[in-house]
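# Here is the input, now give the coordinates:
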Amino acid sequence: MHIFEYQAKELMRESGIPVPRGLLATTESRAVEAAGELGEGPWVVKAQVHAGGRAQGYFLNDRHVCGVVFAKTALEVGSAARSMLGSVLVTPQTAAQGEQVHSVYIESAVKTPVQLFLAMLVDGESGQIACLASARGGEEIETAVREDPHLLIKTSLGSGEPVLAQSLDFMGSQLGLNDEAKAALGQLINRLHALFIEKDLSLIEINPLGVRENGSVIALDARITADDNALYRQSRLAALGVRSEIGSVERIAAQNGFNFVRLDGDVGTFSSGAGLAMATVDALTHIGARPANFLDIPPVLEVSRVKQAFLLLLSDERVRCLFVNVFGAGIMRCDTIADGLLLAHLEKPITIPVVMRLAGTNAELAASRLERSGLPVELVPDLAAGASRIAELQSNPVESGATSGGWRRLLKSLAGSKGVGAS
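Sure thing, here's the model as predicted:
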C-alpha cells in the first residue's frame with residue numbers, strides 16, 4: 001500500500017528523521033496561506049500522487065507544468081497550486097491515464113550542496129532488510145543507475161537493532177562523506193530501520209537526501225510503501241489507505257481482482273494462474289526478452305474483468321508486443337480471454353503484435369473468433385513457440401522498439417543482486 005509524501009514525512013518526523021517544514025493544501029487560497037505560515041520563500045509546491053518521477057511528469061491539460069514546482073513568491077505558489085489541483089499528472093511511474101491531483105504539499109525550499117539517494121527494502125534472496133544508496137541523488141538517478149548499476153551501494157542491514165556500525169561506516173565512506181556526515185547518515189539509517197520494522201514497511205525511498213554544509217542530513221523527498229499483508233496490525237496505516245485515491249497500476253489491478261506487478265521491460269505478459277504467469281516471465285527472460293509486467297488473472301466468467309486486464313497492458317506505452325499464455329480449465333475458458341481482448345480493442349485499438357497461446361476449454365472457438373477479427377494476433381501451439389516468436393519480434397527494431405524501466409522494480413531486482421557494493 002502506497003501513502004502520500006506528506007503522510008510519509010509525518011511518519012518520519014515522528015521517528016526523529018529530519019524533514020523540511022511543510023503544509024498540505026487542497027485549494028489555491030490555502031496554498032498561498034500555507035506559504036505565508038511557513039515563512040519567507042522560496043517554496044516548493046508538490047503534487048500529491050502515489051507515484052514517483054513527479055519532476056519528470058506532466059499534466060494532461062498543460063504539459064509545461066510538472067509535479068514539482070519551485071516558487072519564489074506566494075503568488076507563484078498559488079499559480080502552481082491552481083495548475084495542479086484537479087488536474088491529471090502523468091509520470092514515468094503512473095499508468096498512461098495518470099493520477100488526478102487532489103492536494104498539494106507546500107514546503108520551505110532547502111538548499112543542500114550534496115544530494116544523495118537512499119532506499120530501504122526487503123532483499124528477496126536473504127529476506128533481510130537491505131539499504132541502497134548512491135552519491136547521484138536527484139532527478140537523473142533512475143537513468144544513471146539503469147546505465148551503471150554499480151552506482152548503487154548495497155548494504156545488508158539485517159533484522160536486528162541497531163544496525164552494525166561497520167556497515168554504516170562502509171556506506172558513508174563509499175558515498176564520500178566526511179566524519180560529521182557519516183555520523184548523521186548512520187543515525188538516520190538506524191531510525192529508518194526502526195521505522196521500517198515497526199510499521200511493517202516494504203519500501204522507504206528518499207530522493208534526494210540532502211547533506212548540509214555542517215554534515216547534517218534532511219529528507220527532501222519521501223516515499224513509503226507498507227506491506228498489505230501486515231495492515232491488519234497497522235490500523236493507522238490501513239486508515240491512510242482507505243482515504244487514498246486508487247490510481248497506480250497495481251491498485252487498478254487489485255480493484256479488478258487480478259495480480260499485476262510492473263517490471264522493467266517492453267514485452268507485455270498475460271496469463272491465468274500464478275504458476276503459469278511465472279513460467280511465462282521465466283521463459284521470456286530465458287530467451288533474452290524483457291517482460292514489462294507480471295499479470296495473473298484468476299479464473300473468471302466475467303469478460304469485463306479480462307477486458308480491464310488487457311486495457312491495463314495496452315495503456316503501457318513501453319509495451320512493444322504482447323504475449324498471452326493461457327490454459328483454459330474449469331471456470332476459465334479460452335473464449336473468455338479472446339472476447340476480453342476483442343472488447344479491449346474496441347476501446348483502445350491494438351497496434352502492437354500479439355502472440356497468443358491458448359489451450360484447453362474452448363480453445364478452438366477462441367482461435368476462430370480471433371482469426372475472423374483481423375487483429376494482429378499470431379496463434380502459437382505452446383509456450384516455447386511463443387517465446388521464440390517474441391524473440392524474433394524483439395530482434396526487429398521496427399516491431400520491438402525501445403523501452404524505459406520501472407524504477408521501483410529495478411530497485412528490488414538490485415536489492416536481490418550480488419556484487420553491488422557491500423553485502
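# mind checking pLDDT for Gly16?
If you check Gly16, the pLDDT there is 95.
# quick one, what contacts it?
Arg191 (C-beta atoms under 8 Å, 6 or more residues apart in numbering). Bear in mind the C-beta positions are built from the backbone N, C-alpha and C, glycine included.
# so which strand or helix has it?
Per DSSP states H and E, Gly16 falls between elements, in no helix or strand.
# likewise Glu378?
strand 377-379.
# Moving along the chain from that strand, name the first helix or strand you hit.
Assignment by DSSP H and E places the next element after strand 377-379 at helix 383-394.
# Report the residue ranges of every domain in the chain.
Domain assignment for the chain by automatic domain parsing gives 21-108, 114-242+409-415, 265-404.
# So for Leu11, which of those sits nearest?
domain 114-242+409-415 (6.6 Å; C-beta to C-beta).
# re the thing from before, can you list the strands that the strand holding Glu378 pairs with?
strand 354-360 (parallel) (DSSP bridges).
# Report the buried residues of the strand it pairs with.
354-358 (16 or more other C-beta atoms under 10 Å).
# same check, this time on stretch 333-348
For stretch 333-348, by 16+ other C-beta under 10 Å, it's 333-345.
# As TSV, the buried residues of strand 354-360 with distance to Ala194 would be great.
Converted to TSV, these look like this (distance: C-beta to C-beta, whole Å):
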residue	distance to Ala194
Val354	48
Val355	48
Met356	49
Arg357	48
Leu358	50
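# Mind putting those into JSON lines with distance to Val303 and pLDDT?
Shown next, in JSON lines, are the buried residues of strand 354-360 (distance: C-beta to C-beta, whole Å; pLDDT from 0 to 100):
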{"residue": "Val354", "distance to Val303": "17", "pLDDT": "94"}
{"residue": "Val355", "distance to Val303": "21", "pLDDT": "95"}
{"residue": "Met356", "distance to Val303": "16", "pLDDT": "93"}
{"residue": "Arg357", "distance to Val303": "19", "pLDDT": "94"}
{"residue": "Leu358", "distance to Val303": "15", "pLDDT": "93"}
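# Nearest to Ala384, out of those residues: which one, please.
Arg357 (9.4 Å).
# Next one: that closest one relative to Ala274, how far apart?
17 Å (C-beta to C-beta, to the nearest Å).
# For this protein, give me the ranges with low pLDDT.
139-140, 159-161, 241-248, 250-251, 396-423 (pLDDT under 70).
# pull the longest strand from it.
strand 201-211 (DSSP state E).
# mind listing what's buried in the longest helix seen in the chain?
If you go by DSSP state H, the chain has its longest helix at helix 179-198. Residues of helix 179-198 classed as buried: 181-196 (neighbour count, 16+ other C-beta under 10 Å).
# ok, back up a step: tell me the gap between the strand holding Glu378 and the middle of its chain.
Chain-centre distance of strand 377-379: 31 Å, with C-alpha atoms, centre = their mean, to the nearest Å.
# What are the contacting residues of the longest helix of the chain?
11-12, 15-18, 114, 118, 120, 129, 131, 157, 159, 161-163, 165, 168-169, 171-173, 175, 177, 201, 204, 209, 211, 214-217, 219.
# So which of those are in helices?
Those of the contacts of helix 179-198 lying in helices (DSSP H): 11-12, 165, 168-169, 171-173.
# Switch those over to JSON lines; also include neighbour count and distance to Ser29.
Output for the ones in helices among the contacts of helix 179-198, formatted as JSON lines (neighbours: other C-beta atoms under 10 Å; distance: C-beta to C-beta, whole Å):
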{"residue": "Leu11", "neighbour count": "22", "distance to Ser29": "28"}
{"residue": "Met12", "neighbour count": "21", "distance to Ser29": "28"}
{"residue": "Ala165", "neighbour count": "10", "distance to Ser29": "50"}
{"residue": "Leu168", "neighbour count": "22", "distance to Ser29": "45"}
{"residue": "Asp169", "neighbour count": "15", "distance to Ser29": "49"}
{"residue": "Met171", "neighbour count": "25", "distance to Ser29": "44"}
{"residue": "Gly172", "neighbour count": "21", "distance to Ser29": "44"}
{"residue": "Ser173", "neighbour count": "11", "distance to Ser29": "49"}
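# So what touches the strand holding Glu378?
341, 353-358, 367, 370-371, 389.
# need the residues you listed in a markdown table with distance to Leu38, can you?
Converted to a markdown table, the contacts of strand 377-379 look like this (distance: C-beta to C-beta, whole Å):
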| residue | distance to Leu38 |
| --- | --- |
| Leu341 | 51 |
| Pro353 | 52 |
| Val354 | 52 |
| Val355 | 54 |
| Met356 | 55 |
| Arg357 | 58 |
| Leu358 | 59 |
| Ala367 | 63 |
| Leu370 | 59 |
| Glu371 | 63 |
| Arg389 | 57 |
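# can you give me the angle the longest helix of the chain makes with helix 165-174?
130 degrees (axes from the mean of the first three to the mean of the last three C-alpha atoms, to 10 degrees).
# how far out from the middle of the chain is the helix or strand where Leu312 lies?
Assessed by DSSP H and E, Leu312 sits inside helix 303-314. Centroid separation for helix 303-314 versus its chain: 20 Å, with C-alpha atoms, centre = their mean.
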